[in-house]
Each structure stands twice: as structure tokens, then as C-alpha cells.
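# here is a sequence together with a model predicted from it:
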Amino acid sequence: EKLAGSDASAAFDTVHSEQLLQRFHQPGSKSVVMGRFDAATATKRSKSSTRSIPPSELQEHATPEDCWVVFHGGVYDMTEFSKTHKGGAYLIQKYAGKDATETYNALHKREKLDLVASYRVGVFQVAEDLKKS
């Protein structure tokens, strides 16, 4: 059964107890819970992932607390992900409201974008597209 990218709560609950999940939240635990699945947010993100986002809207999300970044033409809300980025939050947050494709390519393989696919909020509307409108 494929569970990647979906809510695996039911499958988890059939095999594991609530006490196991609580153990992950205890201070000193070596395990890390990245977050809880939010079906409403996931549905909203999947429906909006093809939405066209103009530069003016991208600029509205240009702070570490509201951090949208462009990678390969896709716009990603990296606000939460940046906090757990292995290279440090700053490496993502300094590109808030900007296109970071060139820097991304210097550090990662393109396939790594699969790790943040659920954070995609739309497609960047480049200046040339704006002229056509």
C-alpha cells in the first residue's frame, strides 16, 4: 500500500499505539516528528499548485516568517520547511520572495524538489507572461 504523500494515520494506528506517538513528543526523544498532516491544507495546496503567481504576489511573501521561494518555475511556501533544512534556515530564508533556482542547482539535484512538492503553491508568472496579459 502506497502511503507516501498521503495521510497515513489509519495505517499507523492499526499497527502502533497512541503511547508510541506520545513518546516522540517527549523531551530528549531521539525521534523527530516533522508535523501533523492537515488534510484541508494539503487539499488547498494541491488545488493551488498550478495557480499563476505574479512577481507582486511573490514579493508579499518575502520574510523569514512568510517565505515563498521560486525553484524551477514553481513557487514554494518554504516557511516551515526552512526551519528544518539541514543546511540551515538562513540558506532558504535569504531567498524569500525571490527566484533561487541558480543557487538550488549549485547545491542540489533537481529530483530533491520532490521533498518539498507538498509546499508548492503555484507557478511563477515571469515578466514576459505579464506583458501578454
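Right, received. Where do you want to start?

# show me what stretch 110-127 is in contact with.
Identification of contacts with stretch 110-127 by CB atoms under 8 Å, 6 or more residues apart in numbering yields 5, 42, 45, 48-55, 58, 68, 70-78, 80-81, 99. From N, CA and C alone the C-beta is placed, and that goes for glycine too.

# which residue, other than its chain neighbours, is closest to P54?
Q125 (4.5 Å; CB to CB, 6 or more residues apart in numbering).

# over to A89?
With sequence-adjacent residues excluded and distances taken as CB to CB, 6+ apart, A89 is closest to S82, at 4.5 Å.

# the nearest residue to W68 once chain neighbours are set aside and K109: what is the separation?
Closest residue to W68 apart from its sequence neighbours, by CB to CB, 6+ apart: H61 at 3.6 Å. According to CB to CB, to the nearest Å, H61 stands 26 Å off from K109.

# all helices of the chain, in order?
9-15, 18-24, 39-48, 55-59, 79-84, 89-93, 101-107, 127-132 (DSSP state H).
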